[in-house]
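Enquirer: coordinates for the following, if possible.
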Amino acid sequence: MAGVGLDEKPEKPVRLIRLGVGVEEYCLHAGTALAELLRRSGVDTTNRVVYVDGVVAEASLPLHEGAVVTVVPAAGNAGPDEPWRATIPSFRDEALFQQYAEILRARRRDLGPDEDEDEGS
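Expert: Below is the predicted model:
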């Protein structure tokens, strides 16, 4: 029944997130492989890591409806023009890490009562 389109699989939306581009939505046939999305979008995966729903993925992975595909630079390949890396805390000594953790705990304690009041309203 190709003439009436009954042999086609329905298209499913997936989201592709890339640095410098943002979020793009693609409608693909159900079961389309990740490789097809990357080809269609023109993504170069050289020195990049590709995640599907937060998990490193192989090109042959079939995409499901609502999948979120993220392409980021591979570790060690980030250049100075990629400021997003600066937002991820990196600690080289235990004392600094403990200080940061205590600041976060104190912040949570300070926010606790305000959140409880908002929930009761």
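Enquirer: what about stretch 33-42, average pLDDT?
Expert: Average pLDDT, stretch 33-42: 94.
Enquirer: sorry, that was for stretch 47-58
Expert: The model assigns stretch 47-58 a mean pLDDT of 90.
Enquirer: and V71, how far from I103?
Expert: 33 Å (CB to CB, to the nearest Å). Using the backbone N, CA and C atoms, a C-beta is placed for each residue, glycine as well.
Enquirer: in terms of packing, which of the two has more residues around it?
Expert: Neighbour count, other CB atoms under 10 Å: between V71 and I103, V71 has more, with 18 against 10.
Enquirer: that one pairs with what?
Expert: R18, V50 (DSSP bridges).
Enquirer: next up, the contacts around it.
Expert: Taking CB atoms under 8 Å, 6 or more residues apart in numbering, we find V71 in contact with L16, I17, R18, L19, V43, T45, R48, V49, V50, Y51.
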